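J.: sequence and computational prediction follow.
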Amino acid sequence: MTVADVFDTGAVAVFLALAAVVAFTLLARERRTTRRLRTLQVADVPAGARQRRAAIVVNPTKFSALDEHALRRRQAYVAAVFRSHGWADPLWFETTPTEHGRRQAREALAQGVDIVLAAGGDGTVRSVAEGLTGTSTPMGLLPAGTGNLLARNLDVPHTDLAAALDLVFSEEDVRVDVGWLEVDRSGRDTDPERHLFLVMAGLGFDAAMMAGVEDRLKQRLGYGAYVVSGARALWGPQAKVQVSVDGQAPTAVRTRAVIVGNCGKLTKQLVLMPDARIDDGHLDAVVLSPRGGIGWGEVAWAIATRDRRGQRRVKHLHGKRFEVSCAEPQEVELDGDPIGTAHRLTLSVDPAALWVRCPPLR
């Protein structure tokens, strides 16, 4: 047997082991769902009482790993949970490649539901929020993506369906700000694109990292896919950018990324903007300007320790409106989703525009 044969055999063994782990995990989840389903009982509803009802806007691509039987069982479990709390069976709406959740949320509102749940990734959550912004109907979260950025920032369980559902019946709603991003792709657009964002939007390194992540790699590696893509994008050139806050004179910087946030957490341990609050009527921003490997080390240290003393590579800003323009087009991201390149961005806050069902804000 040659060395190559040994490596081939080892690779097959590792693949089979990983496949076994994935299969075991999925089987264990389905068994837990089955056990929970058996213990749920329909709650009594007083005669003449109005049954509350939820709508669930689901992105079917986020559940492609489940076969049809498992998906039906998951939906049956969710419906049984609602019945056990005296609610009517939920209305289900699926997103499509061209309708990502806004229209579905509006259709749910027209049917008089009490809450609209977004079951998908950050893009689904953002689109559902756009349909609910400015209304009195709250949005709930059933996270099913890789990043689940809003869920992480609001302390909504993002790995436990039962725990996420429990929040629906807590009747605790908070009012949060939303951000609006205007995208001028050419630098001369008279009618720029307008997008809602809930967590962060920006241009440069972070957007290039998001753009470099393949969906197939995300399904295999989860958050690890961003690490792989980030390593590829790490050594790009700095961009010449001008940043203006609340109409003040613009400041010229050479930077790798400008990120504007409604809230600041990427993971439980990684907080990019420690001062950002989703209910303060403001946006926060961070400008990253590393040079070479040492510069990135300084950026990593500043973010990890939240130490701003004498910091040259990381600059924090605070305001209600940001204008960012660049000489060359830069990749742009919106709540972790790449949306192409642009020359100019305008980001503003819409205070207290959305109700969300989640734990009390800290």
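T.: Here it is on my side, so go on.
J.: helices or strands up against the biggest strand by length in the chain?
T.: Ordering each strand of the chain by length in residues (DSSP state E) puts strand 337-357 first. Contacts defined by 3 or more C-beta pairs under 8 Å, 6 or more residues apart in numbering; DSSP states H and E place strand 337-357 against helix 122-132, strand 139-141, strand 173-184, strand 200-204, helix 205-211, strand 283-288, strand 321-334. All C-beta spots, glycine's among them, are computed from the backbone N, C-alpha and C.
J.: which positions in it come out as buried?
T.: 337-339, 341-350, 353-357 (16 or more other C-beta atoms under 10 Å).
J.: most centrally placed residue in this protein?
T.: Closest to where the C-alpha atoms of the chain average out (C-alpha atoms, centre = their mean) is D122, at 3.1 Å.
J.: ok, that one - contacts?
T.: Neighbour list for D122: 145, 147-150, 199, 335-337 [criterion: C-beta atoms under 8 Å, 6 or more residues apart in numbering].
J.: if I look at it, how far off is P351?
T.: 21 Å (C-beta to C-beta, to the nearest Å).
J.: and the gap between R254 and Q75?
T.: Distance from R254 to Q75, by C-beta to C-beta: 51 Å.
J.: element containing R72?
T.: In this assignment (DSSP states H and E), R72 forms part of helix 68-84.
J.: hey, which helix or strand in this protein has the poorest pLDDT?
T.: helix 3-39 (a mean of 48; mean pLDDT, DSSP states H and E).
J.: which residues touch stretch 152-162?
T.: Residues contacting stretch 152-162 (C-beta under 8 Å, 6+ apart): 33, 36, 74, 77-78, 81, 141-143, 148, 150-151, 163-164, 167, 174, 199, 263-268, 278, 356, 358-359, 361-362.
J.: what do you get if the cut-off is 6 Å, keeping everything else the same?
T.: Stretch 152-162 has contacts (C-beta atoms under 6 Å, 6 or more residues apart in numbering) with 141, 143, 148, 151, 163-164, 263, 265, 358-359.
J.: please apply the same query to stretch 95-108.
T.: Counting by C-beta under 6 Å, 6+ apart, 55, 57, 59, 93, 116, 123-124, 127-128, 130-132 sit against stretch 95-108.
J.: what's the answer for stretch 331-345, then?
T.: By C-beta under 6 Å, 6+ apart, the surrounding residues in contact with stretch 331-345 are 122-123, 126, 147, 149, 183-185, 187, 195, 197-199, 201, 203, 206-208, 210-211, 324-325, 329.
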